[in-house]
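1. Need the 3D shape of this:
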Amino acid sequence: MASQVQIAKLALQHVGDRFDITSMTEVTPEAEQVNLVFNDVRDALLRQHPWNFAKKFTSPATVAGTVPGGWTFMYLYPTDAVRILGITNPLGRNQLPIEFQTARNAANNYCVLTDAENAEIIYTARITTTEDFDPEFTMALSYQLAAKMAMPLTGDRGIAGELEKLATIACNSAWETDSSEGIEPSKPEADWITARLGVQTVDSI
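-> Here you go, the predicted structure:
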């Protein structure tokens, strides 16, 4: 599996043969650009898809205090989460999804709000150990990094535009492969659809 430096070298190779890096701490334009965008681009890519390699489950304690928005329970947003994917339905995987919302409470804590007691939260974790990345995620990340660094390093909008297209292709391919790993149970059809707090949700009668 690739190290952070190896991913950076791959990204710079996409930009052009004359760009390279040997260390994340070296004082070069390449290292400056990699360090500027790496974490944000990684987190954005993690957030865009429910990657299997980054999927985690947690059962946090409820947060005391008044629960906003008319919900019943609130749980602290996991510190390593980049996206909440859902809440496990205790009645089984083939049941309708449990409603939830994320927001800040009166104490300014970022929370997961829901009516589910003892909720098990499913989320995409911020994976920072690059050796744990899925290989296709690594390739998609390298193209996303290259697209972000192309203009600062080359000043060529044509190169930047081409890398944006290649990044989209790499991401779509990675998402498709990742989505095909595993079988999700079919969900029952709801009898009616309602809306809550501006977010469309599905409830059964």
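2. ok, Pro135 to Ala170 distance?
-> Pro135 is 11 Å from Ala170, where distance means Cβ to Cβ, to the nearest Å. (C-beta placed from N, C-alpha, C; glycine too.)
3. In terms of neighbours, single out the busier of these two.
-> Ala170 (22 against 12; other Cβ atoms under 10 Å).
4. quick one, domains of this structure?
-> Domains of the chain are assigned by automatic domain parsing as 4-49+128-179, 54-126.
5. Endpoint to endpoint, the last one covers what distance?
-> Chord length of domain 54-126, first to last residue, is 7 Å (Cα to Cα, to the nearest Å).
6. Equivalent analysis for the first one, please.
-> Distance between the boundary residues of domain 4-49+128-179 (Cα to Cα) amounts to 25 Å.
7. Kindly report the same for stretch 87-99.
-> 8 Å.
8. Which stretches in the protein count as strands?
-> Assigned by DSSP state E, the chain shows strands spanning 55-58, 73-76, 81-87, 100-104, 110-114, 121-125, 192-196, 199-203.
9. Remind me what the longest helix along the chain packs against, helices and strands.
-> Ranked by residue count under DSSP state H, the longest helix found in the chain is helix 157-179. Packed against helix 157-179 by the contact rule (3 or more Cβ pairs under 8 Å, 6 or more residues apart in numbering; DSSP states H and E) you find helix 4-15, helix 135-154.
10. Now do the contacts for the residue positioned nearest the centre of the chain.
-> Nearest residue to the geometric centre of the chain (Cα atoms, centre = their mean): Arg47, 1.8 Å. Contacts for Arg47 were tallied using Cβ atoms under 8 Å, 6 or more residues apart in numbering; they are Val82, Arg83, Thr124.
11. I'd like the helices and strands packed on helix 157-179 as TSV, with mean pLDDT appended.
-> Compiled in TSV, those are given as follows (pLDDT from 0 to 100):
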stretch	mean pLDDT
helix 4-15	97
helix 135-154	97
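12. Which one of those lies nearest to Lys55?
-> helix 135-154 (12.5 Å; Cβ to Cβ).
13. Understood, closing this out.
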